[in-house]
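Participant: Whatever this is, show me its structure:
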Amino acid sequence: MIDLRRLRYFLVVSDELHFGRAAVRLHIAQPPLTRQISALETELGFRLFDRSTRNVTLTSEGRHFLPYARAVLEQVDLTAAITSKLAAGSAGQLAVGYASSIALSDLFSQTIQTFCSSYPDVQLTVEEGASSTQCAQIVEGRLDIGM
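Facilitator: Next comes the predicted model:
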């Protein structure tokens with residue numbers, strides 16, 4: 001399995017095309033960065049960079065690999081963000097039951113609109129039903145809230 005830290009290092013070196021500047025950006029020393037990139041190249045089975053004493057350039061394999069590495073790390077960052085939102089309760093699903101008379105209230109529609117704009121990552125399901133059946137639906141787990 002590819003080490004995500006090494007992928008991040010690869011992206012920074014590919015942005016800088018200079019190991020020294022990349023090391024400064026990553027807040028690490030240059031020799032460990034070089035070793036990590038070499039280890040990633042060994043793991044992948046191809047060279048990512050052509051290095052000389054003056055220049056660092058991406059190999060053709062490195063150029064081809066770059067968008068995939070970027071996509072993996074973007075997906076990891078997105079997963080971390082949604083995980084935080086789920087843990088905080090600002091993402092997920094919410095099922096709300098309401099009695100038909102509540103729908104006539106301006107406050108109800110304003111509350112729903114405010115909730116949806118405040119929590120765009122929560123999938124809100126609103127279901128009309130009799131008050132008497134809402135308690136059973138909550139117990140069964142089909143509704144989270146009844147009004």
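Participant: Which parts of the protein are helices?
Facilitator: For the chain, helices defined by DSSP state H occupy the ranges 4-16, 19-26, 30-44, 60-88, 106-118, 131-140.
Participant: Residue 134 is in contact with residue 144, isn't it?
Facilitator: No. Residue 134 is not in contact with residue 144 according to CB atoms under 8 Å; the separation is 10.7 Å. (Each C-beta comes from the backbone N, C-alpha and C, glycine too.)
Participant: okay, the two: which has more neighbours?
Facilitator: residue 134 (20 against 15; other CB atoms under 10 Å).
Participant: OK, contacts around the closest residue to the more buried one other than its chain neighbours?
Facilitator: Closest residue in space to residue 134, ignoring its immediate chain neighbours: residue 146 at 3.2 Å, by CB to CB, 6 or more residues apart in numbering. Contacts for residue 146 (CB atoms under 8 Å, 6 or more residues apart in numbering) come out as 96-98, 131, 134-135, 137-138.
Participant: and if we set it to 7 Å?
Facilitator: Shown in contact with residue 146 (CB atoms under 7 Å, 6 or more residues apart in numbering): 97, 134-135, 138.
Participant: out of those, which are buried?
Facilitator: The neighbour count (16 or more other CB atoms under 10 Å) marks 97, 134 as buried among the contacts of residue 146.
Participant: Closest one of the contacts of residue 146 to residue 87?
Facilitator: If you rank those by distance to residue 87 using CB to CB, residue 138 comes first, at 23.0 Å.
Participant: what about the closest one, distance to residue 106?
Facilitator: 25 Å (CB to CB, to the nearest Å).
Participant: and if you look at residue 65?
Facilitator: Residue 65 is 56 Å from residue 106, by CB to CB.
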